[in-house]
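S.K.: give me the fold of what follows.
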Amino acid sequence: MLLTPEHTQIADTVRRFIVKEVNPHVAEWEAAQQFPSHQVFKKLGDLGLLGLKYPTEFGGMGLDFSYSMVMAEALGECDCGAVPMAIGVHTDMCTPALARYGSDELRRNYLAPAIAGDMVGCVGVSEVSAGSDVAATKTRARKEGGDYVINGSKMWITNGMKADWCCLLVNTSEGSPHKNKSLILVPMDAPGITRQKIRKIGMDSSDTAQLFFDNVRVPQHHLIGEEGSGFIYQMQQFQEERLWLAANSLRAMDRLIDQTIDYTRQRQIFGKSVLDNQVVHFRLAELRTEVELLRALTYNATERYVAGEDVTRLASMAKLKGGRMMREITDACLQYWGGMGFSWDNPASQAYRDYRLASIGGGADEVMLGIICKLEGTLPKLMR
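M.R.: Have a look, this model is predicted:
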């Protein structure tokens, strides 16, 4: 992927924003288990960063997907994983289908305010018994008059406590679980919606909710695209989500390795620095190499996606590798910080808590392996 001066300018703008507007407040936001998403998103919107890849007629910049990946990587400058994740859900997980298939009315009323930072969005796919298995979702919407009437619940919804609208995957008919689903844009102030906060072991400052829908009425013109195409639309959104997750991990892992090098260079043990031990500096060199390999894979997949290719296979590989590397690197670096790494207010322990999610959210490692096997033709016929 060829990086232009425009790519570099966007990355620099994002990094400056994180250093000035986010990192000084991370400790406070983590302790409060939330961050002021509307205020932060509005500042990002004023900088033009919330709609890089979206049409100019709705306030976007009309750039290609590679610019979103550059932004995702630059967000790794943040001292926690929660705020970048919340931003990524808004820019690259709940809005792609709306931008691609939504009516002009929906895009004017919801996409444009999301790009401006005046509204916060979320995506509702996972349920208590349906996470990576999207086809197993049970939430339903039946037609009544000119409305959809929605009943069910959604789980693990990032931005869910504060979101103004939700891109909701629901069953709108009987039949095949791959052909009976639709995406509906649901205003979160609609009567019948209840939100319940979920406590997690990491990503503390990201508000994560379980959502309950009790006879929630939404106008039928809030349907995104065609009825019955929701599963396909969500699979398309997953390509962008999984590439975003891989890209976002790159700078975060590089920073942790940098911080670990600095600490182990200063930390003395048995008359020399920890870094002077070959087992340490060889291991850090190996980890850095792995990051660069993931960067090459992610950039390659992004370039192909921009060219119009279906990159489900490569995106799944990047997501799988990114999640596993986050676990490996945070664990290895925490070990080299010793007792300091086991303290709460430490960059290694922060990363260890936050980035364990990377192998679960957006499709678990095992699901990524299944997708890759299917596309490689290595699954037994009964499993296809």
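S.K.: in the stretch 101-250 of the chain, which spans are strands?
M.R.: All strands of the stretch 101-250 of the chain, identified by DSSP state E, counting those that start in this stretch, fall at 121-124, 140-144, 147-158, 165-171, 181-187, 193-197, 208-219, 223-224.
S.K.: looking at these, which is buried most?
M.R.: The highest average neighbour count among the strands of the stretch 101-250 of the chain, using mean count of other CB atoms under 10 Å, belongs to strand 121-124 at a mean of 28. In short, each C-beta sits where N, CA and C put it, glycine included.
S.K.: which strands or helices does it pack on?
M.R.: helix 82-92, strand 147-158, strand 165-171 (3 or more CB pairs under 8 Å, 6 or more residues apart in numbering; DSSP states H and E).
S.K.: in TSV: the ones you listed, plus distance to residue 74 and mean pLDDT.
M.R.: Converted to TSV, the helices and strands packed on strand 121-124 look like this (distance: least, CB to CB, whole Å; pLDDT from 0 to 100):
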stretch	distance to residue 74	mean pLDDT
helix 82-92	9	97
strand 147-158	19	97
strand 165-171	25	98
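S.K.: which one, of those, ends up nearest to residue 363?
M.R.: strand 147-158 (12.4 Å; CB to CB).
S.K.: quick one: strands adjacent to that closest one?
M.R.: Here strand 147-158 is paired, per DSSP bridges, with strand 140-144 (antiparallel), strand 208-219 (antiparallel).
S.K.: what's the pLDDT at the closest residue to residue 222 other than its chain neighbours?
M.R.: Distance criterion CB to CB, 6 or more residues apart in numbering; nearest residue to residue 222, sequence neighbours excluded, is residue 185 at 4.6 Å. As predicted, residue 185 sits at a pLDDT of 98.
S.K.: do the one 4 residues further on as well
M.R.: Reading off the per-residue confidence, residue 189 sits at a pLDDT of 98.
S.K.: what about it, distance to residue 120?
M.R.: For residue 189, the distance to residue 120 (CB to CB, to the nearest Å) stands at 12 Å.
S.K.: what about the two, which has more around it?
M.R.: residue 120 (25 against 8; other CB atoms under 10 Å).
S.K.: who touches the more buried one in this structure?
M.R.: 37, 38, 41, 90, 114, 159, 162, 163, 164 (CB atoms under 8 Å, 6 or more residues apart in numbering).
S.K.: over to residue 183?
M.R.: Shown in contact with residue 183 (CB under 8 Å, 6+ apart): 97, 101, 167, 168, 169, 223, 224, 225, 229, 230, 233, 234.
S.K.: could you dump the residues you listed into CSV and include distance to residue 276?
M.R.: Shown next, in CSV, are the contacts of residue 183 (distance: CB to CB, whole Å):
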residue, distance to residue 276
97, 53
101, 57
167, 52
168, 55
169, 53
223, 63
224, 57
225, 59
229, 59
230, 57
233, 54
234, 51
